[in-house]
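Student: structure, please.
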Amino acid sequence: MFFDPVVLLIGLVGAAFSGWAALRVQSAFNTYSRVRSRTGYTAAQAADIMLHQAGINNVEIVPVQGHLSDHYDPVNKRLALSENVYNSTSVAALGIACHEAGHAIQDATGYAGLKATSMLFKPASIGSQFGLIAIVLGIVLGFKGLAIGGLVVFGAFLAFQLVTLPVEFDATARAKREIINAGIIYPDEREGVDRVLNAAALTYVAAAFTTILYFLYYGSMVLGGGRDE
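Tutor: Just a heads-up that it's a prediction; the model follows:
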């Protein structure tokens, strides 16, 4: 029970998928971070333009440390762009900035998916840290209640990831649409934006896919009575 080849296989498949997705993101970013937009806007300016086009004036755009650590903070109304994105005029940086602006627009318009991710964040954090541990301990020690409890909190983590997918896809769709409508880039430059944002979306798909495999496998063990030894 301490060594489960199925769990190992799931881990390897998940790592391979996630690694491939991460490589695609890095490759697309490296390629299009060298392609400067002819409009000359920086990523920070691009985000500001997109927000103002949507009538949003209460979001602060700030630089943050870290590589591709860009994010939107709905609590503090802060759009954070990583240092290699904030002042960049590259097609890649503009796409990333507009994607985060898409999240700010979701927040301002009361997008249901973003509200759901906010509600699920805390239980999902617990589930990601302790869910699998509780499941495995419950199975090994024969405490079915513990295993079921672990499955429930791990399910909250899975629910968070599944809800996150349409939120990310929607922010990407907004970015692709508005980056042209607002004149931030020229239409023939959008291919680079598409490649960067599509690759980034794959990382969320890979993470959710791996969690689904774990949930289904452990769920069948816990609710189905486990495997024959």
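Student: show me the shaky parts of this structure.
Tutor: 1-3, 225-229 (pLDDT under 70).
Student: can you give me the helices in it?
Tutor: Remark: helices assigned in the chain by DSSP state H are 5-32, 43-53, 83-86, 91-108, 112-126, 132-141, 144-181, 190-224.
Student: let me know the angle separating the last one from helix 132-141.
Tutor: Computed by axes from the mean of the first three to the mean of the last three Cα atoms, to 10 degrees, the angle separating helix 190-224 from helix 132-141 equals 30 degrees.
Student: and helix 190-224 with helix 91-108, angle?
Tutor: Going by the same axes, to 10 degrees, helix 190-224 makes 60 degrees with helix 91-108.
Student: can you say which of the helices of the chain is nearest to D73?
Tutor: Nearest to D73, of all the helices of the chain, is helix 91-108, at 9.4 Å by Cβ to Cβ. For the C-beta atoms, the positions are set from N, CA and C on the backbone; glycine is no exception.
Student: can you tell me which helices and strands that closest one packs against?
Tutor: If you count contacts as 3 or more Cβ pairs under 8 Å, 6 or more residues apart in numbering; DSSP states H and E, helix 91-108 packs onto helix 5-32, helix 43-53, strand 71-73, strand 78-82, helix 83-86, helix 112-126, helix 144-181, helix 190-224.
Student: with distance to I61 added, can I get those in TSV?
Tutor: TSV is the format used below for the helices and strands packed on helix 91-108 (distance: least, Cβ to Cβ, whole Å):
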stretch	distance to I61
helix 5-32	20
helix 43-53	5
strand 71-73	10
strand 78-82	5
helix 83-86	8
helix 112-126	18
helix 144-181	15
helix 190-224	18
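Student: which one of the ones you listed lies nearest to H99?
Tutor: helix 144-181 (4.3 Å).
Student: report the inter-axis angle for that closest one versus helix 132-141.
Tutor: 150 degrees.
Student: same list, the helices of the chain, but as CSV with distance to Y72 please.
Tutor: Formatted as CSV, those follow (distance: least, Cβ to Cβ, whole Å):
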stretch, distance to Y72
helix 5-32, 18
helix 43-53, 9
helix 83-86, 13
helix 91-108, 4
helix 112-126, 9
helix 132-141, 29
helix 144-181, 8
helix 190-224, 14
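Student: out of those helices, flag the one nearest N76.
Tutor: helix 91-108 (11.1 Å).
Student: distance between the closest one and the chain's centre?
Tutor: In this view, helix 91-108 has its centroid 13 Å away from the chain centroid, taken as Cα atoms, centre = their mean, to the nearest Å.
Student: then stretch 113-128?
Tutor: The answer for stretch 113-128 is 13 Å, by Cα atoms, centre = their mean.
Student: got the contact list for it?
Tutor: When contacts are defined by Cβ atoms under 8 Å, 6 or more residues apart in numbering, stretch 113-128 is touched by residues 74, 103, 106-107, 153-161, 163-164, 166-167, 170.
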